[in-house]
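*Asks:* Whatever this is, show me its structure:
(2 chains)
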There are 2 protein chains.
Amino acid sequence: MALADELAKKQRSISVAEFFEKNKHMLGFDSPTRGIITTIKEAIDNSLDACEEAEVLPDILVSVRKVGGDVYRVVVEDNGPGIVPDKMPAVFAKLLYGSRFHQVRQTRGQQGIGISAAVLYAQLTTGKPTLVISRTDAKSPAHKMTLVIKTETNEPEVLSHEEIDWVLPHGTRIELEFKSSMAAKKKMLEYLKYTSIVNPHARFRVEIDDESFTFDRVSHDVPPCPVAIKPHPYGIELGVLKRMTAASDLPLKEFLIESFSKVGEKTALEICAVAKLDSKVSANKLSLEQLNPLLEAMQTVKIPAPSALQCLSPITEELIVKGMEKEFQLDFIKARTRPSSVFGGNSFIVEAAIGYGGKLPVEGSAMLLRFANRVPLLYQQGACAITSAVSGVNWKAYGVSQQGLPMGPVLILVHVAATNVPFTSESKDAVASVPEVEKEVTLALQELGRDLKMFLSRRDKSKEQEDRARAICSVIPLIAQKVGEIVERPAPDTSLIEGRIMRRVVLKKGSSAGKILIRVDNYTTKDQEMALYDISGDSAGDATVPPDFVTEMDGEYTKIWKRLLHSGDNFEVTYTGAGGGIVDLQGIAENLKVVVDLDV
Amino acid sequence: MALADELAKKQRSISVAEFFEKNKHMLGFDSPTRGIITTIKEAIDNSLDACEEAEVLPDILVSVRKVGGDVYRVVVEDNGPGIVPDKMPAVFAKLLYGSRFHQVRQTRGQQGIGISAAVLYAQLTTGKPTLVISRTDAKSPAHKMTLVIKTETNEPEVLSHEEIDWVLPHGTRIELEFKSSMAAKKKMLEYLKYTSIVNPHARFRVEIDDESFTFDRVSHDVPPCPVAIKPHPYGIELGVLKRMTAASDLPLKEFLIESFSKVGEKTALEICAVAKLDSKVSANKLSLEQLNPLLEAMQTVKIPAPSALQCLSPITEELIVKGMEKEFQLDFIKARTRPSSVFGGNSFIVEAAIGYGGKLPVEGSAMLLRFANRVPLLYQQGACAITSAVSGVNWKAYGVSQQGLPMGPVLILVHVAATNVPFTSESKDAVASVPEVEKEVTLALQELGRDLKMFLSRRDKSKEQEDRARAICSVIPLIAQKVGEIVERPAPDTSLIEGRIMRRVVLKKGSSAGKILIRVDNYTTKDQEMALYDISGDSAGDATVPPDFVTEMDGEYTKIWKRLLHSGDNFEVTYTGAGGGIVDLQGIAENLKVVVDLDV
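*Replies:* Numbers count the residues shown, from 1 in each chain, chains lettered A, B, ... in the order given. The predicted structure follows:
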């Protein structure tokens, strides 16, 4: 068959740049519209990671400007530690190159693809090289380069390189031009808003054509930079163990202690014993037949879970609640940071929050905010394990209707922080289905669901009570009127009764024989801080309780009594006067007070 | 800042094998369970592609066998053209290597990743190399190799290589061992069933532990192998055009004719004119400033769509209907192959089918079968553009209830055949959202939806008519009986009336004064092919219409009259005889006939 020879001629290597040029949608460059967002996201991921490493409060400038036709210039500039000139070409113009891929710690970037994918997309759509400026300290000059990726080889090509003066003492600036459209402006601002919520220490200045936006920092503490740890023995795979042992000339016991986290002398010896291997044998002498029991022993022997504290950086319950409250003015909000957990040797922490009511839309599905390593996930919600975990919770049990996702004015936030987030693709839009992660999300939501249920049932109960009270109150004045007609007297004032039934603070002012009486009853179930204002021509010099404050203007006296009125208590004051004017309670919510001025 | 220098030390290249070892879920190796399916799928994709190229009817052996613990051996063997020994290492043990990535035609494999990903997964989970045997023709020996991928460099390593005798004159066999579980057996058989539906020319013999299954071919025609075509000018991107011109020393006009499909002399000159470029300028002399208008002209000038006929291989409406009918015994089934269309310079054809009723479950969502380039897509339904297109159709307008997907006994099949299927990730589970593709899916389903609506409304109407008829028919015998009582006669036979109302074929046999009368009335709306059987002691020698066939056994005569009975017509025969025996109509469905034998 000559065919095999013929086919053989067509066989060839595919460079990773060629591969992703053809499959650019896998990198988040599905459409020109999305190109801008993906580029900004990748650049900001790098900036925030670098600032965290340098323990600098990030100050990031994002600029998107139309430069003609459908071509846009995107600029992202940070005050991070900068990149040494030698490394600039590969960092920006070589796919699969970076510092974070081989480290076991929480970082936003983890693949070494992101920003060079943007460079690839720019040169593909406009043919233009990418301009990069970087400076590592005030004593060195800044370096300015124009770069392209040689697609056939995935190697960087430096088109120009010069040293320049630059305003920033350290930092990095990238400028790309590509075909796009502004259709995604709303989504871009959404991305920045959510990024700012989960990175409260960062400041973003944004310029979109001629508009400016600032997302300011609300915290001045740089979150501690997650520390890289050694891999944990659980979840190591045979192929990796084989490679690790082959590269080590240490005796087995020392190899185990040196190479893995949480393995001390005792654990190492126990692993050797269970595997029936000599702890002094050189690691690189182990055969495949010996590696198999070694791996098994590493999974069997009880080893403490990896310490997530150092290598992970959760947002914390407090900051999540703060961020959500600021954005959505919710009636109910609760966050939960779960204890750390492990999948395939990777530490991870799930954080979740549920919000209810406030400005959330009453109709339609719940709003779901997904985050991974402090980066908002804006696309492919349907493909994400977070979504399926949310849909998998029985929300009806918590008093919320459900069609897949919960329905109604519900906001759900889920953050997965991991040393290696299992994304479904290089575009990092969705978390792959990992049972351990899904379980943690479910547990967090179930805990929060129970709190939500309690809130909703309390709310329903108080609503029910209020409905009943309202029904009664609507009848009382009619009864009073009827009674008045029968006994041929004016109908008695029933406000006090209504206030009592409705659990309100009732203020009543009346006059009788030249005496003015003011009385406040706290029928609510809570103690109330109140300030009673009485503004009239009376100076109330003989008041039974002297006011805490009196002032006169044009013959009008403002008299203020401030009190903490316990639930069930009342306050009364009498003075001689002509009455009239206005009376009010400050410090009591409008829907909690009833003011009855019988003296008008 | 010394930090930049420190960070620089950590910067390094990541080999594509390292990348996918860490992100193996992107290749469809999310879980051990899925590993087997992905491996079989990738191997079969290659086998079917190779057999198509060689114009051979594929005969594929799949074997999955537990070899101890949680380790399974997977074997896939084909009768394809084989692979020359030089190329075997890279084909199987180097990611991003293959013959189909750079071709513009419909193939199952298109990335050069699939099978080497399985090799990577095997060595990762068991440390075992992969065994490959291949032979290109009967005159050459077979070559047997054991291979691994050097992860750090993504280069193949040949551990052993020998020439061997082999039963097959040509073909390829691959044997891998990896950790897995048999949990996915059902899904595996499902995958093979669907693969066999859309590849009716292939035969699969399957051995799972000690069970055997065969999915036989139903067609003996090798589908024509799609022919590679040149790229179409529409959808070419600037970066690619820049690379193409740089590599060509032809004058611009000749470059355009040589490099693109559907560009002849006239079109080429028109492109040059619109771009205001000299048609004789050497392509590699063009500057970026000249390439921009050239690209624009290539998009503006009217050029015929690429001919999909050669480069695509749709399944065809007939074979889709055949395959679906065989599997699901449907009440309604209709398929549609749309005309070819283009996205970003790639030709594609959408085929769809809708089935209704039959053995489909009445409850729950519709069953959705997704295919791309004749490969079933089994995972990530929620992330697939096909799914969102199906959910986007307003099914209620076609009489089908809907909750996202249509609900009820509905089966939807969608096949996307393209020179480059835009998958969301390397695991090729889901089609990315491309508006052109989604639109074609929607149009196909809308066309089919209209047919389904007609079927459903006819069915509803005929059901309604039948209900009404049934109600009337249930009263007729009672009326007849009453009338009989009043006139003091036996109740008249009403079967004929009922048959007429119910639109049946009515067979009536009666006797009167030694004469036997048989009458058949076709009250249905269709012409009916019938065979009237009359089996009794009568020879019917004097029949008014002689039988088409008579036979005698033990004094019993079987007499058969075969007729095409038009709708509304009747058939009558009379003969002398004693009557008795049995009478029946063959060729008429049970629910369409009424047999009234008054002669029993």
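*Asks:* For the rest of this, base every contact and every neighbour count on C-alpha atoms.
*Replies:* OK.
*Asks:* Which strands or helices does the helix or strand harbouring A:I516 pack on?
*Replies:* Per DSSP states H and E: A:I516 is located in strand A:515-522. With contacts taken as 3 or more C-alpha pairs under 8 Å, 6 or more residues apart in numbering or on different chains; DSSP states H and E, strand A:515-522 sits against strand A:505-512, strand A:570-576.
*Asks:* could you redo the last one with a cut-off of 10 Å?
*Replies:* Here strand A:515-522 touches helix A:495-501, strand A:505-512, strand A:528-536, strand A:556-565, strand A:570-576, strand A:593-597, going by 3 or more C-alpha pairs under 10 Å, 6 or more residues apart in numbering or on different chains; DSSP states H and E.
*Asks:* Nearest to chain B, out of the ones you listed?
*Replies:* For chain B, the closest of the helices and strands packed on strand A:515-522 is helix A:495-501, at 45.9 Å, according to C-alpha to the nearest C-alpha.
*Asks:* about what we covered before: for the strand holding A:I516, list every residue counted as buried.
*Replies:* Residues A:I516, A:L517, A:I518, A:R519, A:V520, A:D521, A:N522 are the ones in strand A:515-522 that count as buried (16 or more other C-alpha atoms under 10 Å in any protein chain shown).
*Asks:* so who does the fourth one touch?
*Replies:* Looking back up the chat, that one is A:R519. Contact analysis of A:R519 by C-alpha atoms under 10 Å, 6 or more residues apart in numbering or on different chains lists A:V506, A:L507, A:K508, A:K509, A:G510, A:L532, A:N570, A:F571, A:E572, A:V573, A:T574, A:V596.
*Asks:* one more time with 7 Å
*Replies:* A:L507, A:K508, A:K509, A:F571, A:E572, A:V573 (C-alpha atoms under 7 Å, 6 or more residues apart in numbering or on different chains).
*Asks:* go on, the fifth one?
*Replies:* For A:V520, the set of contacting residues under the criterion of C-alpha under 7 Å, 6+ apart consists of A:V505, A:V506, A:L507, A:K508, A:N570, A:F571, A:E572.
*Asks:* And the residue of the stretch 201-350 of chain A that's closest to chain B?
*Replies:* Per C-alpha to the nearest C-alpha, A:G239 is where the stretch 201-350 of chain A lies closest to chain B, at 3.7 Å.
*Asks:* and the helix ranked longest in chain A, what does it pack onto?
*Replies:* The residue-count maximum for a helix in chain A (DSSP state H) belongs to helix A:435-486. Secondary-structure packing of helix A:435-486 (3 or more C-alpha pairs under 7 Å, 6 or more residues apart in numbering or on different chains; DSSP states H and E): strand A:346-356, helix A:385-392.
*Asks:* if we can go back for a sec, now do the strand holding A:I516 and strand A:556-565, the angle between them.
*Replies:* Counting by axes from the mean of the first three to the mean of the last three C-alpha atoms, to 10 degrees, strand A:515-522 points 30 degrees away from the direction of strand A:556-565.
*Asks:* Excluding residues flanking it in the chain, which one is nearest A:A247?
*Replies:* Once flanking residues are discounted, A:A247 sits nearest to A:N284: 6.5 Å by C-alpha to C-alpha, 6 or more residues apart in numbering or on different chains.
*Asks:* Tell me how many other residues crowd the one you found.
*Replies:* For A:N284, the count of nearby residues is 18 (other C-alpha atoms under 10 Å in any protein chain shown).
*Asks:* for A:K508, same thing?
*Replies:* Burial of A:K508 is recorded as 21 neighbouring residues (other C-alpha under 10 Å).
*Asks:* Also A:P361?
*Replies:* 16.
*Asks:* Can you verify it is assigned to a helix?
*Replies:* No: per DSSP: H, G, I helix; E, B strand; the rest coil, A:P361 lies outside any helix segment and is coil.
*Asks:* separation between it and chain B?
*Replies:* Distance, A:P361 to chain B, using C-alpha to the nearest C-alpha, to the nearest Å: 21 Å.
*Asks:* what's the closest non-adjacent residue to the residue nearest to the spatial centre of chain A?
*Replies:* In chain A, the centroid-proximal residue (C-alpha atoms, centre = their mean) is A:V198; its distance is 4.1 Å. Spatial nearest neighbour of A:V198, chain neighbours left out: A:R374 (5.7 Å); criterion: C-alpha to C-alpha, 6+ apart.
*Asks:* what's the distance between the one you found and A:A385?
*Replies:* Taking C-alpha to C-alpha, to the nearest Å as the measure, A:R374 falls 17 Å from A:A385.
*Asks:* For A:L565, name its beta-bridge partners.
*Replies:* Residues in a beta bridge with A:L565, per DSSP bridges, are A:Q528.
*Asks:* What residues does it make contact with?
*Replies:* Applying C-alpha under 7 Å, 6+ apart, the residues near A:L565 are A:N522, A:D527, A:Q528, A:E529.
*Asks:* pLDDT value on the residue lying closest to A:V274 once chain neighbours are set aside, please?
*Replies:* Ranked by C-alpha to C-alpha, 6+ apart and with sequence neighbours excluded, the top spatial neighbour of A:V274 is A:A297, at 5.6 Å. pLDDT, A:A297: 93.
*Asks:* List the contacts of A:A297.
*Replies:* So A:A297 contacts A:I271, A:V274, A:A275 (C-alpha under 7 Å, 6+ apart).
*Asks:* Most neighbours among these, please name it.
*Replies:* Neighbour-wise, those (other C-alpha under 10 Å) top out at A:I271, 28 neighbours.
*Asks:* Contacts only, for that one.
*Replies:* A:A297, A:M298, A:V301.
*Asks:* picking up where we left off before, roughly how far apart are the residue nearest to A:A247 and B:G382?
*Replies:* Separation of A:N284 from B:G382 (C-alpha to C-alpha) stands at 46 Å.
*Asks:* now A:R450
*Replies:* 29 Å.
*Asks:* ok, and the helix or strand in chain A with the lowest average confidence?
*Replies:* Of all helical and strand segments in chain A, the minimum by mean pLDDT, DSSP states H and E falls on helix A:495-501, at a mean of 67.
*Asks:* returning to that earlier point: pretty sure the residue of the stretch 201-350 of chain A closest to chain B is touching B:K128, no?
*Replies:* No: with contact defined as C-alpha atoms under 7 Å, A:G239 does not reach B:K128; the gap is 8.7 Å.
*Asks:* Give me the nearest residue to the residue of the stretch 201-350 of chain A closest to chain B, chain neighbours excluded.
*Replies:* Using C-alpha to C-alpha, 6+ apart and skipping residues adjacent in sequence, the residue nearest A:G239 is B:L124, 3.7 Å away.
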